[in-house]
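Engineer: Mind looking at a prediction? Sequence and model below.
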Amino acid sequence: MKFEVDTKGMSRVLKLVENIEKGREKALYRNVKAVQKKMKTMISAEIRKDPQHGLNLSKKYLDSKLRTGSISYSKLQARVYASRRGTLLSRFGATQRAKTTFVKKYGEKRKVNNGIAVKVLAKGRKKRMKGAFFIRLKNSGVQGVAIRKRGKLKVLYGPSPDQAMAQVLKHSDIRERVSVFAAEDLRHQVTHLLRK
């Protein structure tokens, strides 16, 4: 999923800096950089805090999965991309549930794994998955949640940042808020250049 904002349609404000050397380019470049940074911040916050679709993820982790496009004088577009790879369930505050039970094999009471509890939605409840357990992933060494199905090990994933971003863009007014910010910031950039 890619979220873009273009700065076309702001020519009236930019006319004010026509007489400054590269004034238009400077104002647009600074504006696009500020807009892109704001977009990433807003999308990250919305993914985590949306009342219905907000995910129980840390800001640090989510920010690392949101990437921005490169900006240049010839490519003045603010872009935010999100990772399409599913999020490991262990990222959603997964906790192991253990219960004390009598184990016939050992003839004594022992704590045994009673599954893993995970809270995917920020406003949701924890869901317990019987038979799930923690596993250290081979290539990355990161902790994941797995389950055995028909003798095969299956690592479990939640929604990807890309899916979460699509939900946010579909159900929130983030596009409008970014557009308002872009217009306000452009006026600020133009005023800053005129004062120099």
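Structural biologist: Looks like it arrived, so ask away. Residues are numbered from 1 along each chain as shown.
Engineer: pLDDT score for the residue nearest in space to the middle of the chain?
Structural biologist: Of all residues in the chain, the one closest to the mean position by CA atoms, centre = their mean is L62, 4.1 Å from it. Note on L62: pLDDT of 95.
Engineer: Relative to N114, how far out is it?
Structural biologist: 30 Å (CB to CB, to the nearest Å). C-beta here means a position set from N, CA and C on the backbone, and glycine is covered the same way.
Engineer: Also S70?
Structural biologist: Distance from S70 to N114, counting by CB to CB: 49 Å.
Engineer: Of the two, which one has the most company?
Structural biologist: More neighbours surround N114 than the other of S70 and N114, with 16 against 8 (other CB atoms under 10 Å).
Engineer: That one: helix or strand, and which one exactly?
Structural biologist: Counting by DSSP states H and E, the element that carries N114 is strand 108-118.
Engineer: Can you give me the buried ones in the next helix or strand after that strand?
Structural biologist: Following strand 108-118 in sequence order, the next helix or strand is strand 127-129 (DSSP H and E). Using 16 or more other CB atoms under 10 Å as the test for burial, strand 127-129 gives M129.
Engineer: for stretch 31-51, same thing?
Structural biologist: For stretch 31-51, burial by neighbour count (16+ other CB under 10 Å) applies to 31-36, 38-40, 42-44, 46-48, 50.
Engineer: Also stretch 186-193?
Structural biologist: Within stretch 186-193, the residues scored as buried using 16+ other CB under 10 Å are L186, Q189, V190, L193.
Engineer: mean confidence for it?
Structural biologist: The average of the pLDDT scores along stretch 186-193 is 84.
Engineer: How about stretch 148-159?
Structural biologist: 91.
Engineer: Give the buried residues for it.
Structural biologist: L156, G158, P159.
Engineer: Just to be sure, which of these are found in helices?
Structural biologist: Counting by DSSP state H, no part of the buried residues of stretch 148-159 is found in helices.
Engineer: Between those, which sits nearest N139?
Structural biologist: The shortest approach to N139 among the buried residues of stretch 148-159 belongs to L156, at 16.8 Å (CB to CB).
Engineer: List the contacts of F134.
Structural biologist: Neighbouring residues of F134 by CB atoms under 8 Å, 6 or more residues apart in numbering: S90, A94, Q96, I116, Q143, G144, V145, A146.
Engineer: In JSON lines: the residues you listed, plus secondary structure, neighbour count and distance to F181.
Structural biologist: Shown next, in JSON lines, are the contacts of F134 (DSSP: H, G, I helix; E, B strand; the rest coil; neighbours: other CB atoms under 10 Å; distance: CB to CB, whole Å):
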{"residue": "S90", "secondary structure": "helix", "neighbour count": "22", "distance to F181": "35"}
{"residue": "A94", "secondary structure": "coil", "neighbour count": "22", "distance to F181": "36"}
{"residue": "Q96", "secondary structure": "strand", "neighbour count": "13", "distance to F181": "43"}
{"residue": "I116", "secondary structure": "strand", "neighbour count": "24", "distance to F181": "40"}
{"residue": "Q143", "secondary structure": "strand", "neighbour count": "13", "distance to F181": "38"}
{"residue": "G144", "secondary structure": "strand", "neighbour count": "18", "distance to F181": "38"}
{"residue": "V145", "secondary structure": "strand", "neighbour count": "24", "distance to F181": "38"}
{"residue": "A146", "secondary structure": "strand", "neighbour count": "19", "distance to F181": "43"}
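Engineer: No more questions from me, cheers.
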